[in-house]
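Engineer: Sequence first, predicted coordinates after that:
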Amino acid sequence: MTDSRTRQERAADPVTVLGLGAMGTALAGALLAGGHDVTVWNRTAARAEPLVARGARAAATVEEAVTASPLVIVCVLDDDAVHQTLGPVTPALADRALVNLTNGTPAQARATSAWATGHGAHYVDGGIMAIPPMIGHPGATVLYSGDQAAFATHRETLERFGAATFLGTDPGAAALHDLALLSGMYGMLGGFLHAVAMVGTEGGKAAEFTSALLIPWLNTMMTALPEYARQIDAGETGGHDSNLAMQSVGYVNLIEGSRAQGLRTDLIEPMRNLIDRAVAEGKGGEDLQGLVPLITAGPPAA
């Protein structure tokens, strides 16, 4: 796909948005705010009404919506819903840029890409690293991968949603990095929830503890991540300052202390189990980065 138009001409590109849940509605809203001619479709047609009031056009059918624009963005519940929505209208996908912002796995993204390109579409997969209220505002980032020419053609339109980061031509790259970032987020939030629950057992206030102690502590710990990452890339296992054998002993106190306070330990048991496994396999002299080979080895046999 080539594009010799000016930036001003591209700014008014017509765009179709399929799926008007909270995220799809936010995406369509950001496009309307950017001056685009926006066509929308949703299985429950009433969800389009607020956007129509803002200037969007509601299509009666998926085919009408798809044929209305050279750029079609789909943001529905899951991968099955993508195919249920687009499967009946595959002839309409030919020579259109199809940007799939539905959360999914790398394997799903690659399979959908093969399916879409087989019907003549220019497929780009995406991972939205934001919640709906962030769309169109600083701090929102959307990861993309797949058809590089299609991404380049429509990049300025896609930047209506937030910073647009292209991760390469492998359609599964965006989903892979999306899930990796989410794993980091959920790990952090799991630790946060357990921490505030612990101080709360003796009357501590979550807000005060978080602002005064937890955030400064986590910010300090974050400075260690680049060195951990360097060592992981280099195949180094560390362990000079805080080896796993020592940490396994300390982790017992975290588990037993939590139980003594009447807490469940669901959020912190997995790390304890992995550390204990590493020590049992003779890796007690290594540091936390030495756990990566255990993770990449997959789950233990049943």
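Structural biologist: Sure, I can see it. Numbers count the residues shown, from 1 in each chain.

Engineer: Centre-most residue in the protein?
Structural biologist: In the chain, the residue lying closest to the centroid (CA atoms, centre = their mean) is Asp178, at 3.3 Å.

Engineer: And what about that residue, helix, strand or coil?
Structural biologist: Under DSSP: H, G, I helix; E, B strand; the rest coil, Asp178 falls in the helix class.

Engineer: and the nearest residue to it once chain neighbours are set aside, what pLDDT?
Structural biologist: Among residues not flanking Asp178 along the chain, Gly127 sits closest, at 2.8 Å (CB to CB, 6 or more residues apart in numbering). Glycine gets a C-beta too; all of them are placed from N, C-alpha and C. According to the prediction, Gly127 has pLDDT 98.

Engineer: my guess is Gly127 meets Leu143, correct?
Structural biologist: Yes - in this structure, Gly127 is within contact of Leu143 by CB atoms under 8 Å, at 4.2 Å.

Engineer: Looking at those two, which is more packed in?
Structural biologist: Counted by other CB atoms under 10 Å, Gly127 and Leu143 do not tie: Gly127 has more neighbours, with 26 against 22.

Engineer: ranges for the strands of the protein?
Structural biologist: With DSSP state E, the ranges of strands along the chain come out as 15-18, 38-41, 57-58, 71-74, 97-100, 122-129, 141-146, 163-166.

Engineer: Check which helices and strands the first one is in contact with.
Structural biologist: Put plainly, it is strand 15-18. When contacts are defined as 3 or more CB pairs under 8 Å, 6 or more residues apart in numbering; DSSP states H and E, strand 15-18 sits against helix 22-33, strand 38-41, helix 62-67, strand 71-74.

Engineer: Kindly report the same for the shortest one.
Structural biologist: The contact analysis (3+ CB pairs under 8 Å, 6+ apart) places strand 57-58 against strand 38-41, helix 49-53.

Engineer: can you tell which of these is closest to Ala26?
Structural biologist: Nearest to Ala26 among the helices and strands packed on strand 57-58 is helix 49-53 (10.4 Å), distances taken as CB to CB.
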